[in-house]
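Peer 1: predicted model and sequence follow; I will ask about them next.
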Amino acid sequence: LTFQNYVHRLCHDLGKELTKDNAAIDGQLMQFRIHIIDKELTQSSIHISFRRQKISPWTFEMFEKLGWAEKEQIEIIRSWIKQQKNFLVIGPTGSGKTSVLNACLQELKPNERVVVIEDTKEVHLPNLVSSRLLTRRDSHGIVKNIDMAELLKQSLRMRPDRLIVGEVRGGEAKDLLLSLSTGHGGSMGTLHASNPHQTLIRLEMLIQMGAPHWSLSAIRKLISVSLDG
């Protein structure tokens, strides 16, 4: 009973409800990203996962001290940022994609306005002129769900210098690459993939989710004109 009360309080603090129809929830509380999955799906007990986020963002100086990359390699990434190239940070689960993205944002000028688009708040805003947009999912169906594709459309009306997508994982890949192909240089995001080849395959599949009628050749052309690295 005590554990059930704890789960109920945790869901309340997250502003979400665990139900049979909504048996898995994801949210943010203080510096923790929390995932709760109900026994309806585990067939045993409720599982709770906590991921602690760094309060202050990572920097390339920190990465260099840890031996994450050589100084010359870090300078290549810095040059991409300065030249306003569009690129994705790729890697498997837990590889530090968001940490690298945060380090990239620390390289921006104080007057560069970015709009960060996320499901859960993980990316640090680089300065006071930047903004964040978060998706919304209402398990009760009272208010309209707002996904990343919708937020991308709204972000273009905010006239950002750069677009930042916390994680590309669905049909919004089509809207993101269309936005990048029309002049939003210097934009970044993360994508779950093990290597560059897998990244291209995943991008093709995600774009097809958003535009199933597009030909593969058109999708590949869009990728080539939208991303620099």
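Peer 2: The structure has been received and is ready for your questions.
Peer 1: so where's this protein uncertain?
Peer 2: Under the criterion of pLDDT under 70, the regions of the chain flagged as low confidence span 1, 139, 229.
Peer 1: okay, which residue is most central for it?
Peer 2: Against the mean C-alpha coordinate of the chain, by CA atoms, centre = their mean, the closest residue is Gly166 at 1.6 Å.
Peer 1: what segments of the protein are strands?
Peer 2: Read by DSSP state E, the chain holds these strands, from start to end of the chain: 24-29, 32-37, 47-52, 87-91, 114-118, 131-134, 162-165, 188-192.
Peer 1: ok, which of these comes nearest Ala69?
Peer 2: Comparing these by their distance to Ala69 (CB to CB), the top pick is strand 87-91, with 12.5 Å. For the C-beta atoms, the positions are set from N, CA and C on the backbone; glycine is no exception.
Peer 1: contact partners of the closest one?
Peer 2: Contact partners of strand 87-91, identified using CB atoms under 8 Å, 6 or more residues apart in numbering, comprise 80, 97, 100-101, 104, 168, 188-196, 199, 227-229.
Peer 1: and the longest helix anywhere in the chain, how far from the chain's centre?
Peer 2: Counting residues, the longest helix in the chain under DSSP state H turns out to be helix 196-210. Using CA atoms, centre = their mean, to the nearest Å, the mean C-alpha position of helix 196-210 is found 16 Å from that of the whole chain.
Peer 1: repeat for stretch 167-183
Peer 2: 12 Å.
Peer 1: show me which positions of it end up buried.
Peer 2: When neighbours are counted by 16 or more other CB atoms under 10 Å, the buried residues of stretch 167-183 are found to be 167-169, 171-181.
Peer 1: same check, this time on stretch 53-70
Peer 2: Neighbour counts using 16+ other CB under 10 Å place Gln53, Pro57, Trp58, Thr59, Phe60, Phe63, Trp68 of stretch 53-70 among the buried residues.
Peer 1: tell me which stretches of this structure form helices.
Peer 2: Counting by DSSP H, the chain forms helices over residues 2-14, 39-42, 60-66, 71-82, 97-105, 148-156, 172-180, 196-210, 216-226, given from the N-terminal end onward.
Peer 1: as TSV, those helices with distance to Leu134 would be great.
Peer 2: Converted to TSV, the helices of the chain look like this (distance: least, CB to CB, whole Å):
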stretch	distance to Leu134
helix 2-14	13
helix 39-42	24
helix 60-66	26
helix 71-82	24
helix 97-105	15
helix 148-156	8
helix 172-180	14
helix 196-210	20
helix 216-226	24
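Peer 1: what's the closest of those to Phe32?
Peer 2: Ranking these by distance to Phe32, with CB to CB as the measure, places helix 2-14 first at 10.2 Å.
Peer 1: can I get that closest one in CSV? Just the C-alpha atoms.
Peer 2: Provided in CSV are the C-alpha atoms of helix 2-14 (Å, rounded to 0.1, in the frame of the first residue of the first chain):
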residue,chain,number,x,y,z
THR,A,2,2.9,2.4,0.8
PHE,A,3,4.4,1.8,-2.6
GLN,A,4,1.1,2.3,-4.3
ASN,A,5,0.7,5.7,-2.5
TYR,A,6,4.2,6.6,-3.6
VAL,A,7,3.4,5.8,-7.2
HIS,A,8,0.2,7.8,-7.0
ARG,A,9,2.0,10.8,-5.5
LEU,A,10,4.7,10.5,-8.1
CYS,A,11,2.2,10.5,-10.9
HIS,A,12,0.4,13.5,-9.4
ASP,A,13,3.7,15.5,-9.2
LEU,A,14,4.3,14.6,-12.9
